[in-house]
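Chemist: return a 3D structure for these sequence lines:
(chains A and B)
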Amino acid sequence: EAQVTQNPRYLITVTGKKLTVTCSQNMNHEYMSWYRQDPGLGLRQIYYSMNVEVTDKGDVPEGYKVSRKEKRNFPLILESPSPNQTSLYFCASRDPGREQYFGPGTRLTVT
Amino acid sequence: GQNIDQPTEMTATEGAIVQINCTYQTSGFNGLFWYQQHAGEAPTFLSYNVLDGLEEKGRFSSFLSRSKGYSYLLLKELQMKDSASYLCAVRDTNNNAGNMLTFGGGTRLMVKP
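Modeler: I've put the predicted structure just below:
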């Protein structure tokens, strides 16, 4: 089944404790992205990647890092999480010019 | 930058027709997408318009007017399961070489019996 997977789906952590949210897609898509979704603000892009070892900042990259060492994986790293990073996070993938496929989401709470 | 506007909420009756509007401002328009998102779930793709006109897909249709910076999503024969948020997203060639999608805030549709 064609899909984007994310782990964990739910995470509660404390300020400053490094965490990684994994994302994997099995559709051989070139492009992958991370979004956060907050009430009243909609979906905002954090980072995206056009291919292996090629990443670029989205609208809200501060406090996040990404890497794309393999085509299928695109982990999101929070080196020192803060409460304002409490949000619902979605990973997505697509081919150039095509629609996005979203993962199931990761609900992160930083206390 | 881009500005994408959609109504925040709409209510409609089961079996009726509803039109959800989206207006946008871009410097290099390169496609508009509509997604459906049920509460707590991932967005799922509904439609894509890059040329002016109407694209029909079963009960759902999407219209685009590039000169007016305007699109709408038309949902016919509404069903209770259509209660969801509907997200308008625009791709701009001048926004990171067209590699970024900018989303509107979404329209929460409530279908009542």
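Chemist: which pLDDT value belongs to A:Gln100?
Modeler: You'll see A:Gln100 listed with a pLDDT of 89.
Chemist: how many neighbouring residues does it have?
Modeler: Applying other CB atoms under 10 Å in any protein chain shown, we find 24 other residues in the vicinity of A:Gln100. (Glycine included, C-beta is placed from N, CA and C.)
Chemist: toward the C-terminus, what is the element adjacent to the worst-scoring helix or strand of chain B on mean pLDDT?
Modeler: Ranked by mean pLDDT, DSSP states H and E, the weakest helix or strand in chain B is strand B:101-103, scoring a mean of 88. Remark: after strand B:101-103, the chain's next helix or strand is strand B:107-112, criterion DSSP states H and E.
Chemist: distance from the chain centre to that following strand, please.
Modeler: 14 Å (CA atoms, centre = their mean, to the nearest Å).
Chemist: close to chain A, is it?
Modeler: No. Using CB under 8 Å from any CB of the partner chain, strand B:107-112 stays clear of chain A, coming no nearer than 10.6 Å.
Chemist: just checking: what are the partner strands of that strand?
Modeler: strand B:9-13 (parallel), strand B:84-92 (antiparallel) (DSSP bridges).
Chemist: tell me which of the ones you listed sits most buried.
Modeler: Comparing those by mean neighbour count (mean count of other CB atoms under 10 Å in any protein chain shown), strand B:84-92 comes out on top with a mean of 24.
Chemist: what comes into contact with that one?
Modeler: Contacts with strand B:84-92, where a contact means CB atoms under 8 Å, 6 or more residues apart in numbering or on different chains, come from A:42-43, B:2, B:4, B:6, B:20, B:22, B:24, B:26-39, B:43, B:46, B:71, B:73, B:98, B:100-104, B:106-109.
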